[in-house]
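>>> Can you look at this prediction? I've put the sequence above it.
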Amino acid sequence: MAQTIEGSVVSIDATGNLITDITADQLQGVPTNETVSVVCDEHETIGIYSHDHDQPEMTFIAMVGSHSDSASESTLQLVIVGESARIMLGIDVGTKVVVTWT
């Protein structure tokens, strides 16, 4: 049976990353591999990465923390590598985010 955590986008940082209210503590025990899905609006990404990921430019990813914003280091962020997720996806503060895994 699938398990879920629900949250929402609570802010957008200077580079356009979507900062959620889903904390690293809530994600303890959640897999970070292809068995986890993160959905925001109609956009989905698979897996959860750390801030030192090596994903290619223009890839939509979920990650915990950011080396550039200490205030959001312990929350889930939605990012388009090298671009503004806010602009590219058209997501605003308040949009629902759902993490699902099996």
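Yep, it's here. Bear in mind the structure is a predicted one, so any value in this text is a computation, not a measurement.
>>> lowest confidence element among the helices and strands of this structure?
None of the helices or strands of the chain scores lower by mean pLDDT, DSSP states H and E than strand 48-50, at a mean of 93.
>>> Report the buried residues of that one.
48-49 (16 or more other Cβ atoms under 10 Å). Glycine gets a C-beta too; all of them are placed from N, C-alpha and C.
>>> List the neighbouring strands of that strand plus their orientation.
strand 60-64 (parallel) (DSSP bridges).
>>> ok now the strand it pairs with, how far from the chain's centre?
Centre-to-centre, strand 60-64 and its host chain are 4 Å apart (Cα atoms, centre = their mean, to the nearest Å).
>>> What's the mean pLDDT across that strand?
What strand 60-64 shows for mean pLDDT is 96.
>>> who touches that strand?
By Cβ atoms under 8 Å, 6 or more residues apart in numbering, the residues outside strand 60-64 that reach it are 24, 27, 38, 43, 45, 47-51, 53, 55, 73-81, 85, 89, 99.
>>> Render the CA-only coordinates of that strand in PDB, please.
Extracted C-alpha coordinates of strand 60-64, given in PDB (Å, rounded to 0.1, in the frame of the first residue of the first chain):
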ATOM      1  CA  PHE A  60      13.000  18.600 -12.600                       C
ATOM      2  CA  ILE A  61      14.100  17.200  -9.300                       C
ATOM      3  CA  ALA A  62      13.000  17.100  -5.600                       C
ATOM      4  CA  MET A  63      15.800  17.600  -3.100                       C
ATOM      5  CA  VAL A  64      16.300  18.200   0.500                       C
END
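>>> On the C-terminal side of that strand, identify the next helix or strand.
Next helix or strand after strand 60-64 toward the C-terminus (DSSP states H and E): strand 75-80.
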